[in-house]
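*Asks:* with the input below, show me the fold.
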Amino acid sequence: MKKFLSAFLLGMTLLTPMALKADHDDKVKVKVKRYYDRDSRDWHEWNEREDRAFRRYVEEKRMDRRDWVRLKSQEQRDYWRWRHNHNDDLLFGDRH
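*Replies:* Numbers count the residues shown, from 1 in each chain. Coordinates of the predicted model:
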């Protein structure tokens, strides 16, 4: 009985971190923000690449640094128009 209890506790000790990480990964996936571009009628996922593109847009337009969500709706529409003309290949030199 003592060996069984020891093996059980050891197994639980080894499995607990994996179970906690799996739970954490599920929560991270839910927090992705998506925004609708009504002029182009498409959705944009706000991720690291979009954030980098927005920072570049702010630099090009010589705007003060601020969050995209704080822009007025017309400014957001201007950004989406700019974004559709500047794909990732042009912005970052990436090839998918």
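*Asks:* any chance you could map the strands in the chain?
*Replies:* 33-37, 42-46 (DSSP state E).
*Asks:* can you tell me which of those is nearest to K72?
*Replies:* Closest to K72 of the strands of the chain is strand 33-37 (CB to CB; 14.3 Å). Yep, even glycine has a C-beta here, placed from its N, CA and C like the rest.
*Asks:* what lines up beside that closest one in the sheet?
*Replies:* Strand pairing for strand 33-37, determined by DSSP bridges: strand 42-46 (antiparallel).
*Asks:* what residues sit buried inside the strand it pairs with?
*Replies:* H44 (16 or more other CB atoms under 10 Å).
*Asks:* thinking again about what came up before, put together JSON lines for the strands of the chain, with mean pLDDT on each row.
*Replies:* Below are the strands of the chain laid out as JSON lines (pLDDT from 0 to 100):
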{"stretch": "strand 33-37", "mean pLDDT": "94"}
{"stretch": "strand 42-46", "mean pLDDT": "94"}
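*Asks:* can I get these in JSON lines including distance to K61?
*Replies:* Output for the strands of the chain, formatted as JSON lines (distance: least, CB to CB, whole Å):
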{"stretch": "strand 33-37", "distance to K61": "18"}
{"stretch": "strand 42-46", "distance to K61": "18"}
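*Asks:* what's the distance between G11 and Y57?
*Replies:* As judged by CB to CB, to the nearest Å, G11 and Y57 stand 52 Å apart.
*Asks:* my read: L71 touches Y79, true?
*Replies:* Yes - here L71 reaches Y79: they are 7.0 Å apart, a contact under CB atoms under 8 Å.
*Asks:* more crowded one of the two?
*Replies:* Shown here are L71 and Y79; by other CB atoms under 10 Å, Y79 has more neighbours (22 against 16).
*Asks:* for the chain, name the helix or strand with the lowest mean pLDDT.
*Replies:* None of the helices or strands of the chain scores lower by mean pLDDT, DSSP states H and E than helix 2-30, at a mean of 69.
*Asks:* for R41, give me phi and psi.
*Replies:* Note on R41: its backbone torsions stand at phi 60, psi 50 [degrees, to the nearest 10].
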